[in-house]
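Chemist: Whatever this is, show me its structure:
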Amino acid sequence: MKRLTAALALLVMLVAAPVMAAPYVLPPGQTCDGWPRLPIEMAPGMCAGLVVAPPPGTSGLSKRVLRMPRTLVQLPGGDWIVTDLGGWDPGKGSVWRLRAEAGRPAVLTPLLKGVTMPHGLGIGPDGMVYVGEMSRIIRMNPGAPLPANTVEVVVAGLPDNRLHDNRHPLSHFIFDANGDLLVNVGAPSDRCLVKGKPDGTPRCVQSEGAEPLAGVRRYRYLGQGRWADTYTMVARGLRNSLALARTPAGTLLQAENSYDFDPATDRPFDELNVLVEGGHYGWPYCYDMKTSTPGWGGATNFRCRSADHARPALLLPPHAAPLGMLVYQGGLLPQLQDRLLVSYHGYRATGARVVAFALDAKGLPVATAGARYPAYGAGGLVWKPHPGPAAEPLILTPGWQAVAGKRPMGAPVGLAVAADGAVWVADDRNGTVVRVSVDRP
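Modeler: Model (predicted):
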C-alpha cells in the first residue's frame, strides 16, 4: 500500500506543474476565461483555453503522462474522469482523475492502468463510472481509496476484432432513457471484402451472421445495477458508431465513419443517422444516399435504392471522422443551446473541427438548402458543394489546421459540457485537453 501511495504521489508531482503547450505556441500573457489561450481560430464570441498538454520538449507517446486522451466526463464534485487509449496494443490504456482549475496547475491521478483500449465513458444510473474497453464494459467507484479494487464487469464478450487491419475495436456506449446500454460494435473490416470480393453472398457474414457486428446493440437494464447478458440489435449496417447521442426529445442519433476507398477521394461522405429500431443503414452494401459500394454492386440482394436501406438524415463531409457527439444544454454559450455538437477527428482537410448542428423540436437534424462544407486548403479555407441532404453547421474551430510555429492540427475526440457550461474537448493526437468558453480574459 505504501509503495502504491508513493508511486501515485510521484506521478501527481510529475504532472502538477504549470501547464505548458508543446507544440502549441501560447500567446504571452493571453488567457481564455482564465486559462492559457490557445492559438486556435474560433467562432465569434468563443475562445479555446489549454487545460492539459505534454510538457515542453516531449516527443513520442512513451514520454507523455496523458498519452492519448479520448473521452472525458465531469464528476459531481468538479473533477474529471479521462480515458487514455495509450496506444493500439492491449494493456496500454489508462483511466485518470483530472483536477483542473483556472490559474492552478492541473493534477492527474491514475485510477486504472493496464486497460485495453478504453474509449467509451459515462456515469451510470447508480452514480458509478462506466468505461468501455475493447471487449467489455466495466464500472468502478472513482471515490474509493483504491478504485481499481472496485472494478466490476458489466458487459462481457464484446468482439475484440482480433486487432487486424481495418479493425474497429473500440467500445462506445450511451445510456438510454430507461437505463438500457446502447453499445457500438464496429465492423471488423472496411467493406467485408476478401481479395476484392464479397465475404459471403448475398449478405455479409460479418454484419449479418451468427454474431452480428457493424451495428448498435441494446443490453436491457434489469435494475439494481444489472444488465441482461444477451442483447438485441437496435440497428445494423453501421460501420463504426463512436459518436452516439440521445436528444432531449428522445431521438437516437449516430454519426458514421464511412469507408476508406483507395485511392482517397472526396467520396464517400460520412453520415448523420437517425436510429430507428430494426433499421439497416447500408454497410457494407451502400454508401452516400443510394449508391452501391464497390465490390458489392450486383453481388447482393440488398437494394440500396429500396426500403432495405435506411438512408442518412444528413451527409457529413467526406473523411471528417466524427468521433464525439452531444446536445449542448449549458448556459455559458447561448449560441450553442440545444444544438448537436460533433467532433471531426479526421486528419484530412475536412477534419480538425468541432461543429454544431441545429435540431428541430423532435431532435431531428435540420438540412440546409445548397449546403457546402469547408476544407483546409493551401491558400486558406475552401468551401465545397455538398450533395443533399446536408447542413452548414456553426463551426466552433474554423482554424485548427497545422500552422508551423503556432499550432498542430487538431484531433478532437470526446466532448463534454462542464457544470459551468464550458465545452471540454479531448484531443488524442496531441495529448491535450481543451476548454471552449466565452471569449473573455
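Chemist: G399 against E41, yeah?
Modeler: Yes: with contact defined as CB atoms under 8 Å, G399 counts as touching E41 (2.6 Å). Just so you know, the C-beta spots here come from the backbone N, C-alpha and C atoms, and that holds for glycine as well.
Chemist: who's more crowded, those two?
Modeler: Shown here are G399 and E41; by other CB atoms under 10 Å, G399 has more neighbours (18 against 14).
Chemist: Figure out the helix or strand that the closest residue to A411 other than its chain neighbours lives in.
Modeler: In this structure, A411 finds its nearest non-sequential neighbour in R429, 3.5 Å apart by CB to CB, 6 or more residues apart in numbering. Using DSSP states H and E, R429 maps to neither a helix nor a strand.
Chemist: For the longest strand seen in the chain, C-alpha coordinates in CSV please.
Modeler: Longest strand in the chain by number of residues (criterion: DSSP state E): strand 107-115. Taking C-alpha atoms only, strand 107-115 is exported to CSV below (Å, rounded to 0.1, in the frame of the first residue of the first chain):
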residue,chain,number,x,y,z
VAL,A,107,-3.3,17.4,-11.4
LEU,A,108,-3.7,13.9,-13.0
THR,A,109,-4.1,10.9,-10.7
PRO,A,110,-4.2,7.4,-12.2
LEU,A,111,-7.2,5.3,-11.3
LEU,A,112,-6.8,2.3,-13.6
LYS,A,113,-3.7,1.2,-15.5
GLY,A,114,-3.1,-1.7,-18.0
VAL,A,115,-6.5,-1.2,-19.6
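Chemist: how far is the helix or strand just after it from where the chain is centred?
Modeler: Counting by DSSP H and E, the next helix or strand C-terminal to strand 107-115 is strand 121-123. Relative to its chain's centre, strand 121-123 lies at 13 Å (CA atoms, centre = their mean, to the nearest Å).
Chemist: List the strands paired with strand 121-123, with their directions.
Modeler: strand 129-132 (antiparallel) (DSSP bridges).
Chemist: Surely Q254 is in contact with V216?
Modeler: Yes: counting by CB under 8 Å, V216 is a contact partner of Q254 at 6.9 Å.
Chemist: Which residues are in contact with each of those two?
Modeler: Here Q254 and V216 have A235, L238, S241, L244, L275 as joint contacts, going by CB atoms under 8 Å, 6 or more residues apart in numbering.
Chemist: between those residues, which is nearest Y221?
Modeler: Y221 lies nearest to L244 out of those, by CB to CB, at 16.5 Å.
Chemist: The closest one sits in which helix or strand?
Modeler: Counting by DSSP H and E, the element that carries L244 is strand 243-246.
Chemist: Return the list of strands paired to the longest strand of the chain, each annotated with direction.
Modeler: By DSSP bridges, strand 107-115 pairs with strand 93-99 (antiparallel).
Chemist: send the alpha carbons of the strand it pairs with over as PDB?
Modeler: Once non-C-alpha atoms are left out, strand 93-99 reads as follows in PDB (Å, rounded to 0.1, in the frame of the first residue of the first chain):
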ATOM      1  CA  GLY A  93      -4.600   2.200 -21.700                       C
ATOM      2  CA  SER A  94      -5.400   4.100 -18.500                       C
ATOM      3  CA  VAL A  95      -8.200   5.900 -16.800                       C
ATOM      4  CA  TRP A  96      -7.300   9.200 -14.900                       C
ATOM      5  CA  ARG A  97      -8.800  11.600 -12.500                       C
ATOM      6  CA  LEU A  98      -8.200  15.100 -13.500                       C
ATOM      7  CA  ARG A  99      -8.400  18.100 -11.200                       C
END
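Chemist: which intervals of the chain have sub-threshold pLDDT?
Modeler: 1-22, 57-59, 161-167 (pLDDT under 70).
Chemist: how does it look with 50?
Modeler: Low-confidence segments of the chain, defined by pLDDT under 50: 1-22, 163-164, 166.
Chemist: got the end-to-end distance for stretch 112-130?
Modeler: This stretch, stretch 112-130, spans 12 Å end to end (CA to CA, to the nearest Å).
Chemist: buried stuff in it?
Modeler: 112, 115-124, 128-130 (16 or more other CB atoms under 10 Å).
Chemist: Ok, stretch 341-357 next?
Modeler: For stretch 341-357, the neighbour count (16+ other CB under 10 Å) marks 341-346, 348-357 as buried.
Chemist: taking those residues one by one, which sit in strands?
Modeler: Among the buried residues of stretch 341-357, the members found in strands (DSSP E) are L341, V342, S343, Y344, R353, V354, V355, A356, F357.
Chemist: can I get the residues you listed in a markdown table with distance to H319?
Modeler: A markdown table is the format used below for these (distance: CB to CB, whole Å):
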| residue | distance to H319 |
| --- | --- |
| L341 | 19 |
| V342 | 14 |
| S343 | 14 |
| Y344 | 9 |
| R353 | 12 |
| V354 | 16 |
| V355 | 15 |
| A356 | 20 |
| F357 | 18 |
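Chemist: how distant is the strand holding L244 from the center of its chain?
Modeler: Remark: strand 243-246 is offset 9 Å from the chain centroid, using CA atoms, centre = their mean.
Chemist: same for that strand, what does it pack against?
Modeler: Other helices and strands packing on strand 243-246, by 3 or more CB pairs under 8 Å, 6 or more residues apart in numbering; DSSP states H and E, are strand 173-175, strand 252-256, strand 322-327, strand 340-344.
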